[in-house]
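In: Sequence unavailable; structure follows:
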């Protein structure tokens, strides 16, 4: 496992563009030449397209147990899946912020925040979601 | 919406029988190695079958789980050196259900006549060293590592808590109904001599008072982490009739796959399992419907996985699995479909399904601890997430 795990690697060919766009404050999703959203990215033959950043909560959980040491100082936290407005079958794993709790179906919008782990020196900017 | 497919499988109904079953000792951290546990299970399965190591000419295991008993370990332990047909399509999970099909094909092609499938883990002992364990393969998968883990959407308890929450939203499933699964399986384990949780009763009140792991899950919704394992011996139904034990034949096998593979987040029907695609083929091969099944065991890493599979295997309507469980339908003695009568992964041991098959064989022989009255047909539901298998066993 990389030393910086669980921080994402923006140089990873398939998934790096997601994080490169996030660093610029843009939520971008890959699209293939036929105009279809391609998630998760399994080819680099795609165009990364900015999206609205709006969606709905598909499902969620509040995590209390520390499953990885990097999250020891972050529990409890809200994580889950957001269904994108452009295509609800595209579901993004995310963190829900600026709320005590959340419900399935709630409208949410992207917000870019620093993603830091006490176990890793570097940080990145990550697309989290907050109530719209 | 089509989100998966049934894998084509040749009809092998009535060709092979399971003639011996054995378990390695199930425990919390024991200091034993995976290989030692696997060998112990194989020894006991051969003893149960009344067969010698030299009778075995086929061996199945899964190399992606380190330490399984391979041909070298088998020969080193038993002091044998004869030729073995080997297959890497063995082990627990889905493969505990499909191994009899793989073995039947090998027997039909004359490659083997007595085949052992075994699986063991020492995850409880390894947990202190932070190696192995159920989360590791997921943490190493590219898309999970880059697009899920950074957000804390990891590991399996988090995935399945998210599935459970969605099931509650779509169908009105409640925490009490999840708890009913945990309580039923604990009661079964309390009756089982080798269950890790044999001496630990659980009431619904205790369940509801238990703190959250990842909502809506408590620790009682999640599988144990155990040392343990199991093995079963297969041969032709014809030869099985000359052996000591009552004949348990393989009547049907089915295999279903989700197009989303290991990425639960992207599965088309988030609150279903590929049993939807596995069960119809197995039932057709065996010439049965769900109503003909007397005892059921499913790979049950979480309470919601039991509820979904009971639905997807056709024991109740989709979405009614929670209410079905809460009605007492899964109890070994008074239920509609006795389920995980050894306690399952939640309360017997987390040995990834191989002990489920062992338990079903014992049920059909009338040897189980929580014995169902005169069962004729038993079904194992194997599950990995990306795939599910359905194995139909019948008292011959």
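Out: Okay, I see it. What you see is a predicted model; the values in this text were computed from it and never measured.
In: how about the strands of the chain, start to end?
Out: Going with chain A. With strands called from DSSP state E, chain A shows them at A:28-31, A:47-50, A:54-63, A:77-84, A:91-96, A:107-115, A:124-131.
In: right idea, wrong chain: chain B
Out: Using DSSP E, strands in chain B cover B:4-6, B:16-27, B:58-60, B:85-87, B:114-122, B:212-214, B:217-218, B:227-236, B:248-258, B:295-298, B:377-383, B:387-395.
In: Quick test: name the residue nearest the centre of the chain.
Out: Reading this off chain A. Computing the C-alpha centroid of chain A and ranking residues by Cα atoms, centre = their mean puts residue A:94 first, at 4.1 Å.
In: not what I meant, chain B
Out: Centroid-nearest residue in chain B: residue B:353, 2.3 Å away (criterion: Cα atoms, centre = their mean).
In: Let me see the contact set for that residue.
Out: Taking Cβ atoms under 8 Å, 6 or more residues apart in numbering or on different chains as the contact definition, residue B:353 lies against B:92-93, B:96-97, B:119, B:299, B:345, B:380, B:382-383. (C-beta placed from N, C-alpha, C; glycine too.)
In: same thing but at 7 Å, please
Out: Residue B:353 makes contact with B:92-93, B:96, B:299, B:382 under the criterion Cβ atoms under 7 Å, 6 or more residues apart in numbering or on different chains.
In: Can you flag which of those belong to helices?
Out: Among those, DSSP state H puts residue B:96 in helices.
In: Dump the contacts of residue B:353 to a markdown table, plus distance to residue B:36, neighbour count and pLDDT.
Out: Converted to a markdown table, these look like this (distance: Cβ to Cβ, whole Å; neighbours: other Cβ atoms under 10 Å in any protein chain shown; pLDDT from 0 to 100):
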| residue | distance to residue B:36 | neighbour count | pLDDT |
| --- | --- | --- | --- |
| B:92 | 17 | 30 | 96 |
| B:93 | 21 | 22 | 96 |
| B:96 | 20 | 29 | 98 |
| B:299 | 24 | 29 | 98 |
| B:382 | 25 | 32 | 98 |
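In: any idea which of the contacts of residue B:353 is the one closest to residue B:321?
Out: The shortest approach to residue B:321 among the contacts of residue B:353 belongs to residue B:299, at 15.1 Å (Cβ to Cβ).
In: Test my guess that residue B:92 contacts residue B:119.
Out: Yes. Assessed by Cβ atoms under 7 Å, residue B:92 is found in contact with residue B:119 at 4.1 Å.
In: quick revisit: dump the strands of chain A to JSON lines, plus distance to chain B and mean pLDDT.
Out: Listed next are the strands of chain A as JSON lines, based on distance: least, Cβ to the nearest Cβ, whole Å; pLDDT from 0 to 100:
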{"stretch": "strand A:28-31", "distance to chain B": "11", "mean pLDDT": "98"}
{"stretch": "strand A:47-50", "distance to chain B": "14", "mean pLDDT": "98"}
{"stretch": "strand A:54-63", "distance to chain B": "4", "mean pLDDT": "98"}
{"stretch": "strand A:77-84", "distance to chain B": "5", "mean pLDDT": "98"}
{"stretch": "strand A:91-96", "distance to chain B": "4", "mean pLDDT": "98"}
{"stretch": "strand A:107-115", "distance to chain B": "6", "mean pLDDT": "98"}
{"stretch": "strand A:124-131", "distance to chain B": "7", "mean pLDDT": "98"}
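In: Nearest to residue B:29, out of those strands?
Out: For the strands of chain A, the distance to residue B:29 is smallest for strand A:54-63, at 24.7 Å, taking Cβ to Cβ.
In: Point out the other helices and strands that the closest one packs with.
Out: Contacts defined by 3 or more Cβ pairs under 7 Å, 6 or more residues apart in numbering or on different chains; DSSP states H and E place strand A:54-63 against strand A:77-84, strand A:107-115, helix B:156-171, strand B:212-214.
In: and the third one with strand A:54-63, angle?
Out: It refers to helix B:156-171. 120 degrees (axes from the mean of the first three to the mean of the last three Cα atoms, to 10 degrees).
In: Could you do the second one as well?
Out: Relative orientation of strand A:107-115 versus strand A:54-63 (the same axes, to 10 degrees): 60 degrees.
In: What lies in contact with strand A:107-115?
Out: A:7, A:22, A:25, A:27, A:53-57, A:82, A:97, A:123-132, B:150.
In: Identify whichever of the strands of chain B lies nearest to chain A.
Out: Of all those, strand B:212-214 sits nearest to chain A, with 4.5 Å by Cβ to the nearest Cβ.
In: How about the contacts made by residue B:147?
Out: Contacts for residue B:147 (Cβ under 7 Å, 6+ apart) come out as A:15, A:18, A:40, A:93.
In: Ignore what I typed, I meant residue B:359.
Out: B:297, B:341-342, B:368.
In: closest to residue B:311 out of the strands of chain A?
Out: Across these, residue B:311 has its closest neighbour in strand A:54-63 (17.7 Å, Cβ to Cβ).
In: got the contact list for the closest one?
Out: Strand A:54-63 is contacted by residues A:75-85, A:91, A:96, A:102-109, A:132, B:152, B:158, B:161-162, B:165-166, B:212, B:214-215 when judged by Cβ under 7 Å, 6+ apart.
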